[in-house]
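J.: Based on what follows, work out the 3D shape:
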Amino acid sequence: LVHTAFFASKVEHESKHCNGKGFQRPASSAFDRVYTANQNCGHTYPTFLAVLWCAGLLCSQAPAAFAGLMYLFVRQKYFVGYLGERTQSTPGHLFGKRILLFLFLMSVAGILNYYLIFFFGSDFEMHIKTITSAISPLLLIP
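T.: Here you go, the predicted structure:
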């Protein structure tokens, strides 16, 4: 929520500097960059929340929380990079996709473990938690 409020305040700040009324603004590349970065971050946020919730609930809370914090940091880096040259936002974008993939794979592992327990009585929860705890620090590598 604080993250979204920060992005929205940046859009409002740039909007006030455009001296336009309503949506009919003169072409302002600074406003366009801020607005586009805000829209991009807003579009990925529901996906992030869904995979974060599923990964924490179905797999392991600590690695999911760590990945969630890393994702918020990366989106901040993406947003700030987008304010400069658009090529500066690329590392943040790619890093964010990798974190979302990690959270998605954690969710899938949790679902598979549930079905293994249900159909075969085999519980791999401890193994999955160990693996995700070992892999989560690798998210720090850019």
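J.: Give me the average confidence score over stretch 111-124.
T.: Stretch 111-124 carries an average pLDDT of 87.
J.: List the buried residues of that stretch.
T.: Asn113 (16 or more other C-beta atoms under 10 Å). The way it works is simple: take the backbone N, C-alpha and C, and place the C-beta from them, glycine included.
J.: next structured bit after the helix or strand containing Thr44?
T.: Take DSSP states H and E as the rule and Thr44 turns out to sit in helix 29-58. Scanning forward in sequence from helix 29-58 by DSSP H and E, the next helix or strand is helix 61-83.
J.: what's in contact with that next one?
T.: 3, 6-7, 10, 30, 33-34, 36-38, 40-41, 44, 48, 52, 55-56, 88-93, 95-96, 99-100, 102-103, 106, 129, 132-133, 135-136, 139-140 (C-beta atoms under 8 Å, 6 or more residues apart in numbering).
J.: Show me just the buried residues among those.
T.: By 16+ other C-beta under 10 Å, the contacts of helix 61-83 give 7, 10, 33-34, 37-38, 40-41, 44, 48, 52, 55-56, 89, 92-93, 95-96, 99-100, 102-103, 106, 129, 132, 136, 139 as buried.
J.: Find the centremost residue of this protein, please.
T.: Residue closest to the mean C-alpha point of the chain, counted by C-alpha atoms, centre = their mean, is Tyr71 at 4.2 Å.
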